[in-house]
Structure formats: C-alpha cells, structure tokens
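Student: Give me a model of this one.
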Amino acid sequence: MAETRVIEGRQPVLEALRSEVAVSRLLLQKGAGGKPVEEVLDLARRKNVPVLWLEKADLDRRSFSRNHQGILAEAAPFVYADFPALLKGRNGEKPFILILDHLQDPQNLGALLRSAYAAGCHGVVIPKRRAAQVTPAAEKAAAGTASFIPVARVANIAHCLDECKKAGLWVYGADMAGEDLYIDGDYRGGTALVIGGEGGGLSRLVRERCDRLVRLPMKGQLASLNASVAGALLLYEVYRQRDGLVSKVLDASRNGKI
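Tutor: Sure thing, here's the model as predicted:
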C-alpha cells in the first residue's frame, strides 16, 4: 500500500488544494483561525475533503518539521514527472529545465523548486539516490510550488545530460572555476541549468558533459554561494533573457511608465 504523503504548513496545504493533488484529509489545530485557515476550509468544503480538528500536540506528533502552522494535509504520494516529457518544452517554448547534481539539503531543494517555478522553468530533475527528494520538509520550503512544477527523477545525472544534448538543449553548469560569467550565456534556446551539491559542487562526469561552465562574480573571501541562491540567480538570468525583460523595462522607462 502506498505511504500517505503529509503536506505541512498553510501555504503548501492551500496550494495543494488548489492543484490536482489528491488530498484525502485535513488536520487542523483546534482554535486555528484567520484568512489562510478560512481559505483552506472553503476549498476543503468545495472538494469534499474531510477535516479533523486536533490538539497541537497531536499535530506535532504527525509533523516532520514541527513547523506545521496548525495545518496538515494527508494526500496521495508525490507523483514524479516523466523526464523525457520535460525535453519537449511547454506551450511552444523551448525547453528550460533545472538539473540538480546530488543536492542534499531538502530546504535547498524546496527553495530551488520555488525559484524555478517563479522563473518559468518547465521542470526540475533530481537523482533517484543519494540526493534530497520531495519530502514534507522540501515541500514546506517550496511554499506550495511543488504541487505545480514537474519534478523528474533519473538514475544517472551524467546520462541525463547526454539526453538533453540529443534533444538539442544547451547545457550550462554553475561552477566557480567557469571561464564565463553567468550573464554571458545565451539561454534563449533550449536550456538545461545544472547546479551542484552543497560543498562538492558539480561531479567530474557532470562537469565534463556541460557545454559551458559559468560562474557568479564574487567579492571578498567567500568560495561560493549557497546552492539555492546561486540557482535562483541563474534561473532569473534565463527568465530575463527569454522574456525580454531588459527591453521591456527600457521601453517602459522611455514611455514614462516607470
């Protein structure tokens, strides 16, 4: 029997109810109120999701993070996406995917899911083993966006990059030893961004398969940025180029709109 998935926190639960996630039951802390709780209860009524009111201690025992904000949802297990489907793009757009090379911290994974969704990324790829998975902690950090952005799992990241290249994507790896600044890449075509794990960065085989290695400019004595911060900067550079944000800002400025 499939294990029940627990979604924790007001925003993650709210977004799960708004999406196609099959929520089987809501668990709310007795006395909880306010607009977010009212929104959750309203959606639960519309979807005929039963609600159980419990004491805080009961919610604490069922929570993984102990930061449930008085709301838990029991749902079907997280459904991972099909990796080949991500290579086809979306709505006529060239594919734009984020690939994580053995990221370990579920908080970083969740933060990157949130940034990827906000930047219009078509999907995220993670390894099946020896890496953070989409757990309650990752979903909490993603603030509900894990319910909306496809996440695929692959057995081998290096082979995954080979498939990206066969599909016509240009592979950019984030590496502090990269010869090019991150803003020098051309991300307007099919693009795969690769972010390495905490501490070790990109593995040798993954680094060798990247078409270009790009770096973030750094001052001071820091060796690197947090993986989720570096990933967010790269994701938004792709968004900036693909959406023509610079020209839009310039046009708005010339027209006196900003």
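
Student: which residue sits closest to residue 18, ignoring its sequence neighbours?
Tutor: residue 43 (6.8 Å; Cβ to Cβ, 6 or more residues apart in numbering). The C-beta positions use only the backbone N, C-alpha and C, and glycine is treated the same way.

Student: again, but for residue 215
Tutor: Nearest residue to residue 215, sequence neighbours excluded (Cβ to Cβ, 6+ apart): residue 178, at 3.9 Å.

Student: got a list of what the one you found touches?
Tutor: 212, 213, 214, 215 (Cβ atoms under 8 Å, 6 or more residues apart in numbering).

Student: now with 6 Å?
Tutor: The neighbours of residue 178, taking Cβ atoms under 6 Å, 6 or more residues apart in numbering as the test, are 213, 214, 215.

Student: any idea what the residue minimising distance to the centre of the chain is structurally, helix, strand or coil?
Tutor: Residue closest to the mean C-alpha point of the chain, counted by Cα atoms, centre = their mean, is residue 113 at 0.9 Å. Of the three states, residue 113 takes helix under DSSP: H, G, I helix; E, B strand; the rest coil.

Student: Show the pLDDT at the nearest residue to it once chain neighbours are set aside.
Tutor: Nearest residue to residue 113 in three dimensions, chain neighbours excluded: residue 142, at 4.1 Å (Cβ to Cβ, 6+ apart). pLDDT for residue 142: 88.

Student: please begin residue numbering at 59 from this point
Tutor: With 59 as the first residue, the last one maps to residue 200.

Student: What distance do you get for residue 200 to residue 111?
Tutor: Separation of residue 200 from residue 111 (Cβ to Cβ, to the nearest Å): 26 Å.

Student: Same drill for those two, tell me which one is more crowded.
Tutor: Just comparing residue 200 and residue 111: by other Cβ atoms under 10 Å the higher neighbour count belongs to residue 200, 28 against 12.

Student: Dihedrals phi and psi, the more buried one?
Tutor: phi -80, psi -10 (degrees, to the nearest 10).

Student: hang on, the residue nearest to residue 273 is in a strand, isn't it?
Tutor: No: assessed with three-state DSSP, residue 236 is coil; it does not lie in a strand.

Student: residue boundaries of the helices in the protein?
Tutor: For the chain, the helices defined by DSSP state H occupy 68-76, 93-104, 114-120, 141-144, 164-176, 194-199, 215-224, 262-267, 285-301, 303-312.

Student: For residue 182, find the nearest of these.
Tutor: helix 164-176 (5.5 Å; Cβ to Cβ).

Student: got the buried residues for the closest one?
Tutor: 164, 165, 166, 167, 168, 169, 170, 171, 172, 173, 174, 175 (16 or more other Cβ atoms under 10 Å).

Student: Output the contacting helices and strands for that helix.
Tutor: helix 194-199, helix 285-301 (3 or more Cβ pairs under 6 Å, 6 or more residues apart in numbering; DSSP states H and E).

Student: With distance to residue 117 added, can I get those in JSON lines?
Tutor: Shown next, in JSON lines, are the helices and strands packed on helix 164-176 (distance: least, Cβ to Cβ, whole Å):
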{"stretch": "helix 194-199", "distance to residue 117": "13"}
{"stretch": "helix 285-301", "distance to residue 117": "27"}
